[in-house]
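*Asks:* coordinates only, sequence not included:
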């Protein structure tokens, strides 16, 4: 490894941060300064899992603690890869830019987890890139020895490539977003720990020690790591099924999304007002700018109940992916229920469909000379497709004030039959 790269990864890391998951995490003073910036402090006021605490009360950890964990694992990952040959093409500027990207990758993230994901807004990666290139963050990133343009481009894959940085940029992008990336290794372990479930636990030490650098693919594995990749894929599935997409979590998320959609459609909320919010700001905005009561209901833990669940149906899911079509379907079912004597309001019924989720398997297995999907792993494409189909449950939620009456209707199933709408 080049001495300059070794120095960039090992020297000057004198400031410790105590983390529940990883113990002492060391930063250079210039990186510690990033933690005190207004944009990073906002992450201290955003819970990593949004409404999950309604089901798992311990899930109150923040985007800030997760980001520090990603930085820690990113540094460990880069140290291992540099020792195995990546040091030949890395630059000190690139190393610092990657570490900044790890630490700052969620700067533009919206509050309340993914409630805003379907709305017509810029992606949080795009917002993060823009924040990094604005003051004061731009100057703070420069002081770490990083290139702000490279840092921003690592996070935002749609951003233009800084001159002369293509190879290193592609390498860093693959490391930050992939099957064995530091983001996933932190959030699976961290979320599992705070929720009190065992599904997320991963053997991080063994994983990081078993990766081999590739300038275009990021990191390759040999067949010894296949069980670890399988464990990550299955852990992600279990965390989605039992935690991230628990029906009560889906209900709370759908309620916030419904309130925001109505606010945007009415003009009471402008899209740009949703950028830069923390959890408290989001609820305040709903209270101040709209007449919606469901934001307050979520804040007080009054979550809508499930009145119908439909296993994955590709045709129905495809239609309901369109927000406007889904809203039309909600209005039609609400009107039919009103006709049957259930006096629902416009916000008392919500159709929820999970957003697309991917199970990344693009790793190259060196000793088997093939990609993971064609390797000796038991996790073939059909296995992963079955995961997705199991997760993609379509649900109808309703205000609990009306659920008993809805469930007692003799023609309930005909009214709620989405396939016929």
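*Replies:* Yes, it's here. Quick caveat, the model's predicted, so the values are computed rather than measured.

*Asks:* What segments of the stretch 201-350 of the chain are helices?
*Replies:* Applying DSSP state H, counting those that start in this stretch to the stretch 201-350 of the chain gives helices spanning 204-209, 226-239, 247-266, 279-289, 294-299, 314-320, 323-339.

*Asks:* how deep is residue 376 tucked in, by neighbour count?
*Replies:* 10 (other C-beta atoms under 10 Å). C-beta coordinates here come from the backbone N, C-alpha and C atoms, glycine included.

*Asks:* That one - that's part of a helix, no?
*Replies:* No: assessed with DSSP: H, G, I helix; E, B strand; the rest coil, residue 376 is coil; it does not lie in a helix.

*Asks:* Surely it touches residue 224?
*Replies:* No: here residue 376 lies out of contact with residue 224, judged by C-beta atoms under 8 Å, at a distance of 11.4 Å.

*Asks:* what's the closest of the helices of the stretch 201-350 of the chain to residue 372?
*Replies:* Among those, the nearest to residue 372 by C-beta to C-beta is helix 226-239 (6.2 Å).

*Asks:* What's the mean pLDDT across that closest one?
*Replies:* Helix 226-239 comes out with an average pLDDT of 96.

*Asks:* How about stretch 404-420?
*Replies:* Taken as a whole, stretch 404-420 carries a mean pLDDT of 91.

*Asks:* Need the contact partners of that stretch.
*Replies:* Residues from elsewhere that reach stretch 404-420 (C-beta atoms under 8 Å, 6 or more residues apart in numbering): 307-308, 310, 313, 315-316, 320, 329, 333, 336-337, 340-342, 351, 394, 396, 398.

*Asks:* one more time with 10 Å, if that's ok
*Replies:* Residues outside stretch 404-420 that contact it (C-beta atoms under 10 Å, 6 or more residues apart in numbering): 305, 307-308, 310, 313, 315-316, 319-320, 326, 329-330, 332-337, 339-344, 348-349, 351, 353, 394, 396, 398-399, 421.

*Asks:* Show me what counts as buried in that stretch.
*Replies:* 405-406, 409, 412, 415-416, 418 (16 or more other C-beta atoms under 10 Å).

*Asks:* do the same with stretch 81-88
*Replies:* Counting neighbours by 16+ other C-beta under 10 Å, stretch 81-88 gives 81-82, 86-87 as buried.

*Asks:* Check stretch 270-289 too.
*Replies:* Across stretch 270-289, burial judged by 16+ other C-beta under 10 Å covers 274, 276-279, 281-283, 285-286.

*Asks:* CSV for these, including distance to residue 217 and pLDDT?
*Replies:* Output for those, formatted as CSV (distance: C-beta to C-beta, whole Å; pLDDT from 0 to 100):
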residue, distance to residue 217, pLDDT
274, 36, 91
276, 35, 93
277, 37, 94
278, 37, 95
279, 37, 94
281, 40, 94
282, 39, 93
283, 43, 93
285, 43, 93
286, 44, 91
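
*Asks:* what do residue 376 and residue 224 both touch?
*Replies:* Contact criterion C-beta under 10 Å, 6+ apart; residues shared by residue 376 and residue 224: residue 365.

*Asks:* quick one: low-confidence ranges for this protein?
*Replies:* Applying pLDDT under 70 to the chain picks out residues 1, 115.

*Asks:* residue contacts, the residue lying closest to residue 126 once chain neighbours are set aside?
*Replies:* Sequence neighbours aside, residue 156 is the residue nearest to residue 126 in space, at 5.4 Å (criterion: C-beta to C-beta, 6 or more residues apart in numbering). Contacts of residue 156 were listed using C-beta under 10 Å, 6+ apart, and they are 101, 105, 108, 122-130, 132-133, 173.

*Asks:* One more pass at 6 Å, please.
*Replies:* 125-126, 129 (C-beta atoms under 6 Å, 6 or more residues apart in numbering).

*Asks:* now do residue 192
*Replies:* Going by C-beta under 6 Å, 6+ apart, the list of residues near residue 192 reads 199-201.

*Asks:* quick one: which of those residues is nearest to residue 179?
*Replies:* The nearest member of the contacts of residue 192 to residue 179, counting by C-beta to C-beta, is residue 200 at 15.2 Å.

*Asks:* Just say helix, strand or coil for that closest one.
*Replies:* With three-state DSSP as the basis, residue 200 sits in coil.

*Asks:* surely it meets residue 190?
*Replies:* No: when contacts are counted by C-beta atoms under 6 Å, residue 200 is not listed as touching residue 190 (7.6 Å).

*Asks:* about what we covered before: okay, the buried residues of stretch 404-420 in TSV with distance to residue 246 and secondary structure next?
*Replies:* Formatted as TSV, the entries for the buried residues of stretch 404-420 read as follows, by distance: C-beta to C-beta, whole Å; DSSP: H, G, I helix; E, B strand; the rest coil:
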residue	distance to residue 246	secondary structure
405	25	helix
406	22	helix
409	27	coil
412	24	helix
415	26	helix
416	21	coil
418	21	helix
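
*Asks:* can you redo those as CSV with distance to residue 27?
*Replies:* Written out in CSV, the entries for these read as follows (distance: C-beta to C-beta, whole Å):
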residue, distance to residue 27
405, 57
406, 54
409, 60
412, 57
415, 57
416, 53
418, 51
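
*Asks:* which of those residues sit farthest apart?
*Replies:* Within those, two members stand farthest from each other by C-beta to C-beta: 405 and 418, at 19.8 Å.

*Asks:* Tell me which of the helices of the stretch 201-350 of the chain approaches residue 369 most closely.
*Replies:* helix 226-239 (13.7 Å).

*Asks:* Counting neighbours, which bits of that closest one end up buried?
*Replies:* The neighbour-count check on helix 226-239 (16+ other C-beta under 10 Å) flags 226, 228-233, 235-239 as buried.

*Asks:* Filter the buried residues of stretch 81-88 down to the ones in helices?
*Replies:* The subset of these located in helices under the criterion DSSP state H comprises 81-82.

*Asks:* how about TSV for the buried residues of stretch 81-88, with distance to residue 265 added?
*Replies:* Rendered in TSV, the data for the buried residues of stretch 81-88 read as follows (distance: C-beta to C-beta, whole Å):
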residue	distance to residue 265
81	48
82	51
86	49
87	53
